[in-house]
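S.K.: let's see this in three dimensions:
(2 chains)
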There are 2 protein chains.
Amino acid sequence: MNIAFIGLGTMGAPMARNLLKAGFKVTVHNRTREKEEELASEGASRAASPKEAAQGADVVITNVSDTPDVEAVILGDEGAIHGMKSGSVLIDVSTISPIATKAIAEKLAEKGIEMLDAPVSGGSEGAQKGTLSIMVGGKAEVLEKVKAVLEAMGKSITHVGEIGSGQVTKAINQTILAGIYSSVAEGMVLGMAAGVDIYAALQAVSGGAAGCWVLDNRAKNMIEDDYPLGFRTKLFLKDLGIALETSKALGVAMPVAAYVEQLGTSLVKRGLGDEDVSNLARIVREQSGLANTAD
Amino acid sequence: MNIAFIGLGTMGAPMARNLLKAGFKVTVHNRTREKEEELASEGASRAASPKEAAQGADVVITNVSDTPDVEAVILGDEGAIHGMKSGSVLIDVSTISPIATKAIAEKLAEKGIEMLDAPVSGGSEGAQKGTLSIMVGGKAEVLEKVKAVLEAMGKSITHVGEIGSGQVTKAINQTILAGIYSSVAEGMVLGMAAGVDIYAALQAVSGGAAGCWVLDNRAKNMIEDDYPLGFRTKLFLKDLGIALETSKALGVAMPVAAYVEQLGTSLVKRGLGDEDVSNLARIVREQSGLANTAD
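M.R.: Alright, predicted model coming up:
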């Protein structure tokens, strides 16, 4: 199976590498062409544009930053759509708008090209180890056809509905995370202000009904007011913006997610967008007069 | 060791039973005296008042509903303080105000009585099986002295700081839960409104960074709009009120917790306070025009 892989960022490069390791024939393209070199030395072909990469491919994978980038690499003048053959499949593993996703899929369908939206979670470590969780929207029979491709990049592949549903599921994930981050920050700041042994309190609550990944993996950042990556606040904010845009289009009120987006906007404006998103605790600390020890 | 156990509700009765099973000599008292009978048939002595129960006890345990109840059974005319001897220990396992707890401890200290605040989590099942998590505030050496008593009722006993810290830790727990419940509800409603396969989406997000006990154990209630107990909304609201009262006293801003308290207040007013607290999803559904299927 011939695969074109477009977008070799922190996530894309290791994902393309895992396809090579799994024995697929892979052609790569990246806007900054130098990023193609390492994968070329490992056996990938290179292409000068998404269109060129897509020529002869059975599957085209796109992995770029945001909705306009995906639109450009698929539908733009040099976009993949102009190189893809009828019956081939486009898999977008970026995190973008589910509404835009449906529109792109319609354009592709006009040329007989199938699309899956397949955003991932699990971070750069998951991308390297091939242990990503992949949430897939689109036709079940199309997913079946390309499942081996996804299995080379991820450990858990879940079909969540028709086209756009993968993006909605990612939006659900980020919506829940928003509330968890903010309330874990509120809880930790409450405990610190009250003078409890906060590490002991953290341990006591972690095993019960409040137990969550954020308590286990990020509460310590909040206590120590130090926010190493992780997942950048500005990227989380982009994802949360997609979730809120989707909720507005559907008429779903998400006040907690909207509140957390406001906090994140302020952090990015202050130049803190490249810290881990657990830095939402900065604002909760400030609101409560708890000194930011790391500044 | 002689133990007096005051308050034989859903949690108290099985906790007192576990003390009997562990071989302690237990005297029980409950405002509604009939509730003492079953434990008496299992070997407990009965007392007509907290004061009488406390006479000769090395440890007095109080387990009642709210701050004024704890004040009454300890400091009231027939309160335990009038029966307790110097050098004995009062353990309050209720969930009440940490500020009131400190005031009660000061009154007890004047008579040479030590106090630990030791709220629990783990529900009635944990109380029956003796697997509660117990968060203990007070002097470490006092905890050491009565540890066997707590170990007869709970599995995880964590010392979290000076007197009142157990209650603060419970408040942290409920603060975090408030945010998790509301954001899981927002996420589930977003997914349902978008028409994804919500059970598949739930599975996809549960294993990642948004993973939490509420997703694993309560999201299904929200999807099905059916809220069997669990933990009553009105009791959760009482606990969250304590957390917010504490945060106000400390000058800690907790807008997410305050927002969720407002939702809960509305549910209780509408007669829905005896459902499981996952019924916060009712409001998120209503705000989004998603029909309440169970009504």
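S.K.: just the helices from chain A, written as ranges.
M.R.: A:12-21, A:37-41, A:50-54, A:67-75, A:98-109, A:123-129, A:140-151, A:165-194, A:198-206, A:213-217, A:219-224, A:233-250, A:255-269, A:280-287 (DSSP state H).
S.K.: TSV for those, including distance to B:Gly12 and mean neighbour count?
M.R.: Just so you know, the C-beta spots here come from the backbone N, C-alpha and C atoms, and that holds for glycine as well. Converted to TSV, these look like this (distance: least, Cβ to Cβ, whole Å; neighbours: other Cβ atoms under 10 Å in any protein chain shown):
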stretch	distance to B:Gly12	mean neighbour count
helix A:12-21	55	22
helix A:37-41	65	15
helix A:50-54	67	25
helix A:67-75	56	20
helix A:98-109	50	19
helix A:123-129	46	17
helix A:140-151	53	16
helix A:165-194	26	30
helix A:198-206	21	23
helix A:213-217	29	19
helix A:219-224	31	20
helix A:233-250	44	21
helix A:255-269	35	19
helix A:280-287	35	22
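S.K.: and the ones you listed: which comes nearest B:Arg46?
M.R.: The minimum distance between B:Arg46 and these falls on helix A:198-206, with 33.6 Å, by Cβ to Cβ.
S.K.: any residue of that closest one up close to chain B?
M.R.: Yes. Contact of helix A:198-206 with chain B (Cβ under 8 Å from any Cβ of the partner chain) involves A:200-201, A:203-205.
S.K.: same question for stretch A:181-193.
M.R.: Yes. Interface with chain B: stretch A:181-193 contributes A:182-184, A:186-191, A:193 (Cβ under 8 Å from any Cβ).
S.K.: how about stretch A:214-224?
M.R.: Yes. Using Cβ under 8 Å from any Cβ, stretch A:214-224 reaches chain B at A:214-215, A:217.
S.K.: what is the mean pLDDT for that stretch?
M.R.: Taken as a whole, stretch A:214-224 carries a mean pLDDT of 97.
S.K.: same thing with stretch A:144-155?
M.R.: Averaging pLDDT along stretch A:144-155 gives 98.
S.K.: residues in contact with it?
M.R.: Residues from elsewhere that reach stretch A:144-155, judged by Cβ atoms under 8 Å, 6 or more residues apart in numbering or on different chains: A:1, A:3, A:15, A:18-19, A:21-22, A:24, A:59, A:61, A:89, A:91, A:93, A:116, A:118, A:120, A:122, A:126-127, A:130-134, A:136, A:143, A:157.
S.K.: what's the answer for stretch A:13-24, then?
M.R.: With Cβ under 8 Å, 6+ apart as the test, stretch A:13-24 has contacts from A:1-3, A:5, A:8, A:26, A:28, A:35, A:38-39, A:42-44, A:61, A:63, A:93, A:124, A:127-128, A:130, A:132, A:148-149, A:152-153.
S.K.: CA atoms of stretch A:166-179 as CSV?
M.R.: Once non-C-alpha atoms are left out, stretch A:166-179 reads as follows in CSV (Å, rounded to 0.1, in the frame of the first residue of the first chain):
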residue,chain,number,x,y,z
GLY,A,166,-13.5,11.8,15.4
GLN,A,167,-13.1,15.6,15.7
VAL,A,168,-16.2,15.8,18.0
THR,A,169,-14.7,13.1,20.2
LYS,A,170,-11.4,15.0,20.5
ALA,A,171,-13.5,18.1,21.3
ILE,A,172,-15.3,16.1,24.1
ASN,A,173,-11.9,15.1,25.4
GLN,A,174,-10.6,18.7,25.5
THR,A,175,-13.9,20.0,27.1
ILE,A,176,-13.6,17.5,29.9
LEU,A,177,-9.9,18.3,30.4
ALA,A,178,-10.7,22.0,30.6
GLY,A,179,-13.0,21.5,33.6
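S.K.: centre of the chain versus that stretch, how much separation?
M.R.: Its chain's C-alpha centre and that of stretch A:166-179 lie 10 Å apart, by Cα atoms, centre = their mean, to the nearest Å.
S.K.: where in the stretch 151-295 of chain A is pLDDT low?
M.R.: For the stretch 151-295 of chain A, residues meeting the criterion pLDDT under 70 lie at A:291-295.
S.K.: can you list the residues of the stretch 1-150 of chain A near chain B?
M.R.: So the stretch 1-150 of chain A meets chain B at A:98, A:121-122, A:133, A:135, A:137 (Cβ under 8 Å from any Cβ).
S.K.: ends of stretch A:60-79, how far apart?
M.R.: Length of stretch A:60-79, first residue to last, Cα to Cα, to the nearest Å: 11 Å.
S.K.: circling back: any idea which of the residues of the stretch 1-150 of chain A next to chain B is least confident?
M.R.: Scoring these by pLDDT puts A:Gly122 last, at 89.
S.K.: any idea which residue sits dead centre in chain A?
M.R.: The centroid of chain A falls nearest to A:Thr95 when counting by Cα atoms, centre = their mean (4.7 Å).
S.K.: pLDDT wise, what is that one at?
M.R.: 97.
S.K.: do the same with A:Ser124
M.R.: Reported pLDDT for A:Ser124: 88.
S.K.: from chain B, how far out is it?
M.R.: 13 Å (Cβ to the nearest Cβ, to the nearest Å).
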